[in-house]
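Engineer: Okay, sequence plus prediction incoming.
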Amino acid sequence: MKRICVYCASSAKIDPKYFQATVQLAQQLVREDISVVYGGGATGLMGQLADTVLEEGGNIQGIMPKFMDAVEWGHKRVTDFIFTDTMAERKARLMEGVDALIALPGGSGTLEELMEAITLKRLGKFVQPIVILNLEGYYDPLQTMLERCVEEAFMQKRHLEMWEFVTEVDDLLPAIHRQKAWDEDAIHFAGNHQ
């Protein structure tokens, strides 16, 4: 693995445990010589991720819409930056050329990014591992909802293999390595009719 996208929050008011987990992940990624791609923010878990990667001597790329940069949401010390015209373009660029996606706890933006990645994987348009840090049960409701989608036949049982929830930061990279391969043929069984 050379490049991983990390979805995470911009809120600075969240519990310190989420910041601690972000520091731990950033240190592991730098130690494994993995470049990080993220949303480009300077606050919350985004800011912590960038700060730690930079402090540890790692590589990080920010991707942010121009309108966010215009109100100075961008991290000033991140030198590798891509500025997009829209949020949709940002989401596409975040997934471009990465070996995996990691979702840390976050709000509506993180959830939107994660669900788009899952949808694209279901359609075979994104085939890399997706791992979700369910720290202290934060993502329990999402895990339940996705399982409910399968139980109610909105998705197939095999779609549960598109992601993995883990409860510890130390389990994120191993989960990426053990995730089953996914390919572009997934579109042929994406619907419920097969």
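Structural biologist: Looks like it came in fine.
Engineer: quick one: the worst-scoring helix or strand of the chain on mean pLDDT to chain centroid distance?
Structural biologist: Every helix and strand of the chain was ranked by mean pLDDT, DSSP states H and E. The lowest is helix 66-70, at a mean of 89. The chain centroid and the centroid of helix 66-70 are separated by 21 Å under Cα atoms, centre = their mean, to the nearest Å.
Engineer: Any buried residues in that helix, and which?
Structural biologist: Across helix 66-70, burial judged by 16 or more other Cβ atoms under 10 Å covers residue 68. Every C-beta, even on glycine, is put in place using the N, C-alpha and C of the backbone.
Engineer: who's in contact with that helix?
Structural biologist: 40, 41, 74, 83, 84, 85 (Cβ atoms under 8 Å, 6 or more residues apart in numbering).
Engineer: change it to 6 Å
Structural biologist: residue 83 (Cβ atoms under 6 Å, 6 or more residues apart in numbering).
Engineer: Would you mind identifying the next helix or strand past it?
Structural biologist: strand 80-84 (DSSP states H and E).
Engineer: helices or strands up against that next one?
Structural biologist: strand 60-65 (3 or more Cβ pairs under 6 Å, 6 or more residues apart in numbering; DSSP states H and E).
Engineer: per-residue confidence averaged over the strand it packs on?
Structural biologist: Averaged across strand 60-65, the pLDDT comes to 96.
Engineer: Now do it against strand 80-84, angle only.
Structural biologist: With axes from the mean of the first three to the mean of the last three Cα atoms, to 10 degrees applied, the angle from strand 60-65 to strand 80-84 works out at 20 degrees.
Engineer: Quick check: beta-bridge partners of residue 65?
Structural biologist: residue 84 (DSSP bridges).
Engineer: Neighbours of it, how many?
Structural biologist: Residues contacting residue 65 under the criterion other Cβ atoms under 10 Å number 19.
Engineer: so it touches residue 84, yeah?
Structural biologist: Yes - using Cβ atoms under 6 Å, residue 65 is in contact with residue 84, at 5.1 Å.
Engineer: which residues do the two both contact?
Structural biologist: residue 90.
Engineer: residues of stretch 100-111 that come out buried?
Structural biologist: Quick answer for stretch 100-111 (16+ other Cβ under 10 Å): 100, 101, 102, 103, 104, 105, 106, 109, 110.
Engineer: Farthest-apart pair in those, please.
Structural biologist: 100 and 109 (19.3 Å; Cβ to Cβ).
Engineer: Tell me who's in contact with residue 50.
Structural biologist: With Cβ under 6 Å, 6+ apart, residue 50 has these contacts: 60, 75, 78.
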